[in-house]
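K.L.:
Would you be able to build a 3D model of this:
(chains A and B)
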2 protein chains.
Amino acid sequence: MPKFDANGLVTAVAVDHVSGALLMLAHMDAEAIARTRETGFAHFHSRSRAKLWMKGESSGHVLRVIEIRVDCDQDALELRVQAAGPACHTLAPTCFYRRMTAEGSLERIEG
Amino acid sequence: MPKFDANGLVTAVAVDHVSGALLMLAHMDAEAIARTRETGFAHFHSRSRAKLWMKGESSGHVLRVIEIRVDCDQDALELRVQAAGPACHTLAPTCFYRRMTAEGSLERIEG
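P.N.:
The predicted structure is shown next:
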């Protein structure tokens, strides 16, 4: 089992298993990890709603988990996934769709 | 500026700018972001040591930051980097060098 923080969470990063692209970042507790391993679909723990959620439970844009990787100090997880649709709730393919400019403003990344 | 948590931190993920490979995960405060933007090298905030550090300050395995991306809710950053050496302090190319097996044990990923 990973090393959970004081709130019982680890950070999890979802990455496209084929392209390696970073898709999204969320948090998992022991329950989210167990449900993910049981079902094969990414589940997270919502800190704002304080509950378990399955990514795509309303949108259908689920993440099938191919592999779970663990970092050196065991407090972060990499979910290698196959996405059923856009990973971001904004319908962008990834949540990281903007870059910081030299002036510090945000600019949408095209393509 | 991103949305910092109660501890003044955001999660930052370093990704190889060419291959897109996930390298490491750490935390940044406003100071770490400012130093990263000023110097072009990734700086983080160590939660355990409660201080600013530059990745590679002792090993020489610095991360040159090509671009900083921001996620949809602005509480996570993707640092697109060029790594001067192994990203992990274990000298693995990435901190995420182990996978969870079906039994829940950890297995080193070869290649």
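K.L.:
and A:V81, what element?
P.N.:
Here A:V81, judged by DSSP states H and E, is contained in strand A:76-83.
K.L.:
so what secondary structure elements neighbour that strand?
P.N.:
Helices and strands touching strand A:76-83, by 3 or more CB pairs under 8 Å, 6 or more residues apart in numbering or on different chains; DSSP states H and E, are strand A:10-16, strand A:22-28, strand A:63-70. In short, each C-beta sits where N, CA and C put it, glycine included.
K.L.:
How about the residues of chain A by chain B?
P.N.:
A:1, A:11, A:13, A:15, A:19-22, A:24-25, A:37, A:67-73, A:76, A:78, A:88-90, A:92, A:95-100, A:104, A:106, A:109 (CB under 8 Å from any CB of the partner chain).
K.L.:
so the nearest residue to A:F4 once chain neighbours are set aside bridges to which residues?
P.N.:
Excluding the flanking residues, the one nearest A:F4 by CB to CB, 6 or more residues apart in numbering or on different chains is A:V10, at 5.8 Å. Beta-bridge pairing for A:V10 (DSSP bridges): A:M28.
K.L.:
Just list the residues touching A:V10, thanks.
P.N.:
A:P2, A:K3, A:F4, A:H27, A:M28, A:D29, A:I33, A:D75, A:A76, A:L77 (CB atoms under 8 Å, 6 or more residues apart in numbering or on different chains).
K.L.:
Type out the ChimeraX command that picks the buried ones from these.
P.N.:
Here is the ChimeraX command that selects only those of the contacts of A:V10 that count as buried (16 or more other CB atoms under 10 Å in any protein chain shown):
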select /A:2,4,27,28,29,33,75,76,77
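K.L.:
Make a markdown table from the contacts of A:V10 and add pLDDT to it.
P.N.:
Shown next, in a markdown table, are the contacts of A:V10 (pLDDT from 0 to 100):
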| residue | pLDDT |
| --- | --- |
| A:P2 | 91 |
| A:K3 | 95 |
| A:F4 | 97 |
| A:H27 | 97 |
| A:M28 | 98 |
| A:D29 | 98 |
| A:I33 | 97 |
| A:D75 | 95 |
| A:A76 | 98 |
| A:L77 | 98 |
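K.L.:
Please save the CA atoms from stretch A:62-79 in PDB.
P.N.:
Provided in PDB are the C-alpha atoms of stretch A:62-79 (Å, rounded to 0.1, in the frame of the first residue of the first chain):
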ATOM      1  CA  VAL A  62     -14.300   6.800 -17.900                       C
ATOM      2  CA  LEU A  63     -10.600   5.800 -17.600                       C
ATOM      3  CA  ARG A  64      -9.800   2.100 -18.000                       C
ATOM      4  CA  VAL A  65      -6.800   1.500 -15.900                       C
ATOM      5  CA  ILE A  66      -4.100  -0.600 -17.600                       C
ATOM      6  CA  GLU A  67      -1.500  -0.300 -14.900                       C
ATOM      7  CA  ILE A  68      -0.800   1.400 -11.600                       C
ATOM      8  CA  ARG A  69       2.700   2.700 -11.100                       C
ATOM      9  CA  VAL A  70       4.100   3.900  -7.800                       C
ATOM     10  CA  ASP A  71       6.800   6.500  -7.200                       C
ATOM     11  CA  CYS A  72      10.100   6.100  -5.300                       C
ATOM     12  CA  ASP A  73       8.700   7.300  -2.000                       C
ATOM     13  CA  GLN A  74       5.400   5.700  -2.500                       C
ATOM     14  CA  ASP A  75       3.300   8.800  -2.000                       C
ATOM     15  CA  ALA A  76       2.200   9.300  -5.600                       C
ATOM     16  CA  LEU A  77       0.600   7.000  -8.200                       C
ATOM     17  CA  GLU A  78       0.700   7.000 -12.000                       C
ATOM     18  CA  LEU A  79      -2.500   5.500 -13.500                       C
END
